[in-house]
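# okay, predicted coordinates and the sequence, questions at the end:
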Amino acid sequence: MDDSGKESCDGEFQMNIIDTPWNTSDKLAKLSSLGITTIIRYYNFSNSRTLPEKRLELAEAQHICANGMKLAVVFQQLQNKVSCFSFQKGVAAGKRAFSYARDDIGQPEGSAIYFAVDFDASHEEIEANIIPYFKGIKEGFDTVSGDEPQYKIGVYGSGLVSNSLTEKGLVEFIWLSMSRGFRGTKQAFAAGVYNLCQQAPAVSQFGLSFDYDVVNPEVSDFGSFTIEDDESQALGAGKNESRYRVIARSGLRLREGPGTGFDIIGGMSRGQIVYVKEIKEGWASIDLEGDGHLDGFASAAFLEQT
């Protein structure tokens, strides 16, 4: 999420929650040494070339929980301008987030999925676009769940956005973005009307970029969760959802290891369906046949989940 021009939510808090668009699997021991207890990761429709590890995958979720940490999640594709928001876009986001949480991650019922509003929306934009978007999210949840939604809806954004959605009964959790200059954010923080508050500045340690977040000391619940860490269960449950399509125009090289320094051992054509076992440091481990055997590695930036 954009961190330009942002100031932190002031005060004395425990700095044990982070959010990041990067895979944390190989950084968990170091994060634990910092006292991190919860990691906030992303759901989306598809990753971008600039953020090829943005979406939380099952293997990472299991690694996080196996290391004694909790998870929280936010859905964000772009959501950084008003044109990203409409009722129909909310329905699509709600369906995708709910299905991915339930079918791919095994997120437990009663926990939260936050949805990002990553810009300083005005009153008019909230009424015309943001409120319809969150009404669409609720409809998307109802459609997938058969009118029995098992996840709570949260919002990441400004104080004004959060307050407007709360008044309409559309969200149960509030995560204030770190921009104190956004409408209503300073007031919401001062009044304690939030569950989480993102901190500035962004941090980069041991090769991982992340933001710190603090929990409202008066409201301990913010919708976090844990999942089972049984990896043998994970392979069976996630097999159908690990299908990826090669989107590189001229095809994609298959390498012996995760990096350009490893030998090229084959290639994949544009549009080819492959199975991805894990994505780490921007490199996907590839199973060409879907038989559980590793065939090589390829750049995750040129793969799209189907």
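In hand now; what should we look at?
# what residue lies at the spatial centre of the chain?
Tyr42 (0.4 Å; CA atoms, centre = their mean).
# now that residue: which helix or strand?
strand 38-43 (DSSP states H and E).
# which other helices and strands contact that strand?
Applying 3 or more CB pairs under 8 Å, 6 or more residues apart in numbering; DSSP states H and E, one finds that strand 38-43 contacts strand 17-19, helix 58-66, strand 70-75. (Glycine included, C-beta is placed from N, CA and C.)
# so who does the residue nearest to Phe225 when sequence neighbours are not counted touch?
Closest residue in space to Phe225, ignoring its immediate chain neighbours: Ser111 at 3.8 Å, by CB to CB, 6 or more residues apart in numbering. Neighbouring residues of Ser111 by CB atoms under 8 Å, 6 or more residues apart in numbering: Ala72, Tyr151, Lys152, Gly223, Ser224, Phe225.
# what's in contact with the strand holding Tyr42?
Contacts of strand 38-43 (CB under 8 Å, 6+ apart): 16-21, 24, 31, 54-56, 60-61, 64, 69-76, 96-97, 100-101, 113, 213, 224.
# how about stretch 209-219?
1, 3, 9, 11, 13-15, 17-22, 40, 175, 178, 192, 194-200, 202-204, 222.
# all helices of the stretch 151-300 of the chain, in order?
Counting by DSSP state H, counting those that start in this stretch, the stretch 151-300 of the chain has these helices, from start to end: 159-167, 185-190, 231-238.
# which stretch in the ones you listed has the least confidence?
In terms of average pLDDT, helix 231-238 trails the rest of those, at a mean of 38.
# so where is the stretch 101-250 of the chain shaky, pLDDT-wise?
Along the stretch 101-250 of the chain, the parts satisfying pLDDT under 70 run over 229-241.
# my guess is Gly90 contacts Phe141, does it?
No - the criterion here is CB atoms under 8 Å, and Gly90 misses it with Phe141 at 10.1 Å.
# returning to that earlier point: filter the contacts of stretch 209-219 down to the buried ones, ChimeraX style.
The ChimeraX selection below is limited to those of the contacts of stretch 209-219 classed as buried (16 or more other CB atoms under 10 Å):
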select :1,3,9,13,17,18,19,20,21,22,40,175,178,194,195,196,197,198,199,200,202,203,222
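# just the ones of the contacts of stretch 209-219 in strands?
Residues of the contacts of stretch 209-219 located in strands (DSSP state E): Ile17, Ile18, Asp19, Ile40, Trp175, Leu196, Cys197, Gln198, Val203, Ser204.
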